[in-house]
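Novice: With the sequence up front, the predicted model follows.
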Amino acid sequence: MNAAMSARKTVGSRPAFQRGLAIGAGSLVILLVFSAGLGYWNTLRLRENDAWVAHTNEVLDALDAVLSTMKDSETGQRGYLITGDDRYLEPYNAAVATIETSVQRVKHLTEDNPRQQARIPLLEEQVSAELKELDRTIALRKKDPEAARQLVLTGEGKKVMDAIRVQVQSMEQEERDLLVARERKSRQSYLVSVLATLFTLVLGLGMVGTIIYVLQRHLSERQKAAISLARLAVIVESSDDAILSKGLDGIIQTWNAGAERLLGYRPEEVIGQPITLLLPPERIQEERQILDRLLSGQRVEHLETVRVTKDGRPIDVSVTVSPLKDEDGQIIGASKIIHDITDRKRAEEELRRLKDELEHRVEQRTAELAASNGELEAFSYTVSHDLRAPLRHITSFVALLDEEAQASLNEQCRHYMQNISEAAQRMGHLIDDLLTFSRIGRAAMTVRPVGLRRLVDEARTELASETDGRAIDWQIGSLPEVSGDPALLRSVMVNLLSNAIKYTRRCDAAKIEVGCREEAGEVICFVRDNGAGFDMKFADKLFGVFQRLQRVEDFDGTGIGLASVRRAVHRHGGRTWAEGELARGATFYFSLPLRRNDV
Amino acid sequence: MMTAVLKRILLAEDDPKDVELAIKALGKHNLANEVQVVRDGAEALDYLFHRGTYAARPHGPPAVVLLDIKMPKVDGIEVLRQIRADADLRLLPVVILTSSREERDLLESYRLGTNAYVVKPVEFQAFVDAVKELGLFWAVINEPPPGSLDNRGG
């Protein structure tokens, strides 16, 4: 895999994530430092409290020592007073030797406590008074045991001793109270420490949980992105089109299998090479234009151009270029999809060739047709001009001959001359009708809306001379507006009505009917008469040039009229046909396609 | 074909029979002597522009030109074109007298400014009447443009 999409950045916004992660980790570190500091502080407090408890016990011990030393000295004194034995004086002497030290120890130990210090002078005074009392009784016993006994009986010594006890007890009480207070404080410290530890623990766990959650989510996003990237990569790789990417410097960065197939280069041959490698020399500037369009924010879609393969073969391609952007939306390069359109181009070329050929053929045919039209026109012109001149000469010179020689000609000769003149005139009519017929086929058509009713009226006016003195029953139905050339349609109507008038000449009650109906996208018109009619056997001959079903002596005419009708109708895309019966009349039909906006 | 006197009608017609018939028709109105016949377009132009055999003819244009279209060398349409393109002759009355009823000829003639277009009738009497009336109208009744011949009645 060429990691075609490696140029694409992963999804998600990494800076925000990193910032969040840094803040989380920083907070966690601060919390840990705070927690450690709190623990340290609490430990110090606990140690301090422990020291104070020990101190209190020491003070209590010291006080106890003072009291017991005093009791020892008193016990020694009493033993001696009773026995007089010096041995009993040993504890007394030992007590006297140490009492000062014991009191000083208490004094020293309670230096921090002003209230205890305040009690020390009284204690010292009482101890000193007791020692003096003891010393006095002992000294008196040595001289007078009874006086000593009397002195003891005064109870002075006992009073002092009791006062010492009270004093020591109050000092002990003070120390005990202190101990209780310190233990309470110590408990509080301990509680605070535990609570703080718990709090930091919960907070820390919460933070760690959050960080793990965020990390996990990020990782799963990355995984999803990686999966979709892998999918894209598969699509890119399996594409028939060449897909590649390049940097703004025009250096190729990725290259898929389609690119290899289409252009022949292996990825390692082109990655790192300039894209211009693929451009034919005459199109080198194209790359610059593509880049300019990209930088102005435009895409380049389906640009049809030419690229060159590794073996130097130019191929027709369609190129689509899209900008590659980094997270800040800055264009950092472009992806290109190059689609091989050689086959299409070839097909287009073939199509163009066929079209050109066809056009050429049409032009040729048109030219041939124009030439043959031209010839036909020249022919008509010749007929029109040159054929008529001799006719005119025949009739004219016959007329002149008649003028000059009438008197000297017999009846027979005059009849011949009459025949010559009539033949020439008939030929003149034939030529005229033939020219008209030819003109109907050639005249340029101007198609516009034409009212059939108006055409019928005009035709009747034109034929007025033929209906003079005749009683004809006209039945004109409702006639629509059609689309066609007015002059041609007029000639159709004139011819059909003229025919009907002509062939009803011998009827007692001539009846001519004109009507129309719409049928299957056509307007079908008919002219019906009750005249001479015709045998349906000859129906297909009716519309031919110079075809006549009647003798000229019976009904004059050149046999061009219906041929002209057919030609005019055909030029409109319509049809003509007829129905008839000898001596019962005839119906002539013509159809015209409906105007498009009528449908 | 030198003529000492200026004729009122210039007839350009290649067909001798038509010439004969036309002169016959004009003769019925005593206009036969007023006809100068030329037999093709080139001769017509020579006459009108005093060239070649007509270099020494009496000065001035005729009262009317009766012009056939289909003639050898130069056709009637071309003659009409040159008449209308010339500063001195452009107002000269011209009548096309032809066998052709072709739309093309009609259009071209009127486009170039013919004064009339007459199709020669096949029937002799009609032909005689048409030519007679043409001659009478243009050579006698019509007032020619200023600068045309002034020897009316001569």
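Specialist: It's in.
Novice: What are the structural domain limits within chain A?
Specialist: A:14-214, A:241-340, A:346-442, A:444-598 (automatic domain parsing).
Novice: Could you pull up the residues touching the closest residue to chain B within the stretch 201-350 of chain A?
Specialist: Closest to chain B within the stretch 201-350 of chain A is residue A:350: 43.7 Å, counting by CB to the nearest CB. For glycine as for every other residue, the C-beta is placed from the backbone atoms N, C-alpha and C. Going by CB atoms under 8 Å, 6 or more residues apart in numbering or on different chains, residue A:350 touches no other residue.
Novice: Residue A:504: how many residues sit nearby?
Specialist: The number of residues packed near residue A:504 is 23, by other CB atoms under 10 Å in any protein chain shown.
Novice: Next: residue A:331.
Specialist: 14.
Novice: So what does it look like in phi/psi?
Specialist: Per-residue torsions, residue A:331: phi -70, psi 120 (degrees, to the nearest 10).
Novice: Spatially nearest residue to it (excluding sequence neighbours)?
Specialist: Nearest residue to residue A:331, sequence neighbours excluded (CB to CB, 6 or more residues apart in numbering or on different chains): residue A:323, at 4.6 Å.
Novice: For the one helix or strand that neighbour maps to, which outside residues touch it?
Specialist: Assigned by DSSP states H and E, residue A:323 belongs to strand A:314-325. Strand A:314-325 is contacted by residues A:7-8, A:245, A:262, A:280, A:290, A:293-294, A:297, A:299-309, A:331-342, A:344-345 when judged by CB under 8 Å, 6+ apart.
Novice: In strands only, show me these.
Specialist: Using DSSP state E, A:245, A:300-308, A:331-340 are the members of the contacts of strand A:314-325 that sit in strands.
Novice: Those residues of chain B touching chain A, which are they?
Specialist: By the rule CB under 8 Å from any CB of the partner chain, the part of chain B lying against chain A is B:15, B:17-18, B:21, B:24, B:69-70, B:98-104, B:120-125, B:127-128.
Novice: again, 10 Å this time
Specialist: B:15-18, B:20-21, B:24-25, B:68-70, B:98-105, B:119-128 (CB under 10 Å from any CB of the partner chain).
Novice: In a strand, residue A:526, correct?
Specialist: Yes. Membership of residue A:526 in a strand is supported by DSSP: H, G, I helix; E, B strand; the rest coil.
Novice: I figured it hits residue A:497, correct?
Specialist: No. Taking contacts as CB atoms under 10 Å, residue A:526 lies outside contact range of residue A:497: 11.9 Å.
Novice: what do the two both touch?
Specialist: A:514, A:588 (CB atoms under 10 Å, 6 or more residues apart in numbering or on different chains).
Novice: Give me the more crowded residue out of these two.
Specialist: residue A:497 (24 against 19).
Novice: show me what contacts that one?
Specialist: A:455-456, A:459-460, A:462-463, A:466-467, A:474, A:512, A:514, A:527, A:529, A:588 are the contacts of residue A:497 under CB under 10 Å, 6+ apart.
Novice: which parts of the lowest-mean-pLDDT helix or strand in chain B are buried?
Specialist: The least trusted helix or strand in chain B, going by mean pLDDT, DSSP states H and E, turns out to be helix B:124-136, with a mean of 84. Going by neighbour count (16 or more other CB atoms under 10 Å in any protein chain shown), the buried part of helix B:124-136 is B:124, B:127, B:128, B:130, B:131, B:132, B:134, B:135.
Novice: So, low pLDDT: which residues of chain B?
Specialist: Low-confidence segments of chain B (pLDDT under 70): B:1-5, B:147-154.
Novice: Swap in 80 and give it another go.
Specialist: Within chain B, the segments meeting pLDDT under 80 span B:1-7, B:28-29, B:32, B:100-103, B:122-124, B:144-154.
Novice: Counting neighbours, which bits of the one helix or strand in chain A whose mean pLDDT sits lowest end up buried?
Specialist: When the helices and strands of chain A are scored by mean pLDDT, DSSP H and E, helix A:145-153 comes last with a mean of 80. Under the neighbour-count criterion of 16+ other CB under 10 Å, helix A:145-153 has A:148, A:151, A:152 buried.
Novice: measure the residue of the stretch 201-350 of chain A closest to chain B to residue A:344 for me?
Specialist: Distance, residue A:350 to residue A:344, using CB to CB, to the nearest Å: 10 Å.
Novice: Over to residue B:102?
Specialist: Taking CB to CB, one finds residue B:102 at 54 Å from residue A:344.
Novice: Of the ones in strands among the contacts of strand A:314-325, grab the buried ones for PyMOL.
Specialist: The PyMOL command for the buried members of these (criterion: 16+ other CB under 10 Å) is given here:
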select buried, chain A and resi 245+300+306+307+308+333+334+335+336+337+338+339+340
